[in-house]
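Asks: Return a 3D structure for these sequence lines:
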Amino acid sequence: SYLLFTIGMIIYGYSLAQIQMASIFTIPFFCMWLLIGTAIAEYAKNTIDVSLYGWPIMIVYFLIEGLVYSSLLNKLTILFPNYHIERGLTLIENDDFTSGLKFMIVPFIWGGIALLFLIKRRQKKVSIEA
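Replies: Numbers count the residues shown, from 1 in each chain. All right, here's what the predicted structure looks like:
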């Protein structure tokens, strides 16, 4: 994902500083999705369950993405990572690196929530096996 992200930024003519800052900025977002995917895999019994749990999450994610860009529910969209991705990358694109860093907080929170679900599931799994 990072390789494709970097290649895309190079093709569109972004500077090296913008590519580096965008790469640092997107780490929490990639980690958030990895943790959410891992949590789904922990709760699923098989690959069919992963699809059954994962697709609704992806559909809701892209629905929220549409709401962010249409600006219909600005007050609610601030709670979701989509808003922060768009705003942070826009600031990075305009070479305002330090202002873009504050938009990394919400993805860290969402990743933390996914991590808590994952830890709770693993503790439950260990207690059942013991």
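
Asks: mind checking which helix or strand the spatially most central residue of the chain is in?
Replies: Centre of the chain computed as the mean C-alpha position; nearest residue by Cα atoms, centre = their mean is Phe29, 3.2 Å away. In this structure, Phe29 is located in helix 16-43 according to DSSP states H and E.

Asks: Packing partners of the helix or strand just after that helix?
Replies: Past helix 16-43, further along toward the C-terminus, the next helix or strand under DSSP H and E is helix 47-70. Packed against helix 47-70, as judged by 3 or more Cβ pairs under 8 Å, 6 or more residues apart in numbering; DSSP states H and E, are the following elements: helix 16-43, helix 74-77, helix 81-93. (Glycine included, C-beta is placed from N, CA and C.)

Asks: Only C-alpha atoms, please: export helix 47-70 in PDB.
Replies: Taking only C-alpha atoms (Å, rounded to 0.1, in the frame of the first residue of the first chain), the coordinates of helix 47-70 have been written out as PDB:
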ATOM      1  CA  THR A  47     -13.200 -16.600   5.900                       C
ATOM      2  CA  ILE A  48     -16.900 -16.300   5.100                       C
ATOM      3  CA  ASP A  49     -17.500 -14.600   8.500                       C
ATOM      4  CA  VAL A  50     -14.600 -12.200   7.700                       C
ATOM      5  CA  SER A  51     -16.400 -11.100   4.500                       C
ATOM      6  CA  LEU A  52     -19.800 -10.900   6.300                       C
ATOM      7  CA  TYR A  53     -18.300  -8.600   9.000                       C
ATOM      8  CA  GLY A  54     -15.800  -6.700   6.800                       C
ATOM      9  CA  TRP A  55     -18.000  -5.700   3.900                       C
ATOM     10  CA  PRO A  56     -20.500  -3.700   6.000                       C
ATOM     11  CA  ILE A  57     -17.600  -1.900   7.600                       C
ATOM     12  CA  MET A  58     -16.100  -0.900   4.200                       C
ATOM     13  CA  ILE A  59     -19.500   0.100   2.900                       C
ATOM     14  CA  VAL A  60     -20.100   2.400   5.900                       C
ATOM     15  CA  TYR A  61     -16.600   3.800   5.600                       C
ATOM     16  CA  PHE A  62     -17.200   4.800   2.000                       C
ATOM     17  CA  LEU A  63     -20.700   6.100   2.800                       C
ATOM     18  CA  ILE A  64     -19.100   8.400   5.500                       C
ATOM     19  CA  GLU A  65     -16.500   9.400   2.900                       C
ATOM     20  CA  GLY A  66     -19.300  10.600   0.600                       C
ATOM     21  CA  LEU A  67     -20.800  12.500   3.500                       C
ATOM     22  CA  VAL A  68     -17.500  14.200   4.300                       C
ATOM     23  CA  TYR A  69     -17.000  15.400   0.700                       C
ATOM     24  CA  SER A  70     -20.700  16.500   0.400                       C
END
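
Asks: Alright, calling it a day.
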